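Enquirer: Sequence plus the predicted model coming up.
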Amino acid sequence: MSTFEDVIRLISERFLSLTCFTCKTKKLFNFRSERRLRESITTVHKFVDSIIRSKLEAKEYTDDDEDLLSRLFDVEDEGRVPNEGKT
């Protein structure tokens, strides 16, 4: 099972738990599922950060805006609202 799937499963289990108190207690005492969730989220964040970093570095060399991340970077660089002036 991938880390991303782990995160989704653990968050779903947290959502479906009987009470909010149970979730907070597990989180406070760093029980197994909460520890695994924290580790999995950290892994996903690192992965996404590496993708963003590589995209930013590649953007310096190309003007390829075929994917969503490139388009979001362009919107941020130009200071405009998404889809403004583009179809």
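Expert: On my side now, so go ahead. Keep in mind it's a predicted model, so treat the numbers as computed, not measured.
Enquirer: Going by neighbour count, list what's buried in stretch 2-20.
Expert: For stretch 2-20, burial by neighbour count (16 or more other CB atoms under 10 Å) applies to 3, 6-7, 10, 14. All C-beta spots, glycine's among them, are computed from the backbone N, C-alpha and C.
Enquirer: Residues touching it, excluding its own?
Expert: Contacts of stretch 2-20 with the rest of the structure, by CB atoms under 8 Å, 6 or more residues apart in numbering, involve 1, 23, 33, 36-37, 40-41, 43-44, 47.
Enquirer: Whichever of these end up buried, select them in PyMOL.
Expert: Taking 16+ other CB under 10 Å as the burial criterion, the selection of buried members of the contacts of stretch 2-20 in PyMOL is written as:
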select buried, resi 23+33+37+40+41
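Enquirer: among the contacts of stretch 2-20, which two are most distant?
Expert: Across the contacts of stretch 2-20, the longest distance by CB to CB is 25.1 Å; it joins 23 and 47.
Enquirer: that older thread, could I get the contacts of stretch 2-20 as TSV with secondary structure and pLDDT?
Expert: Putting those into TSV (DSSP: H, G, I helix; E, B strand; the rest coil; pLDDT from 0 to 100) gives the following:
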residue	secondary structure	pLDDT
1	coil	54
23	helix	66
33	helix	79
36	helix	86
37	helix	85
40	helix	87
41	helix	87
43	helix	89
44	helix	86
47	helix	87
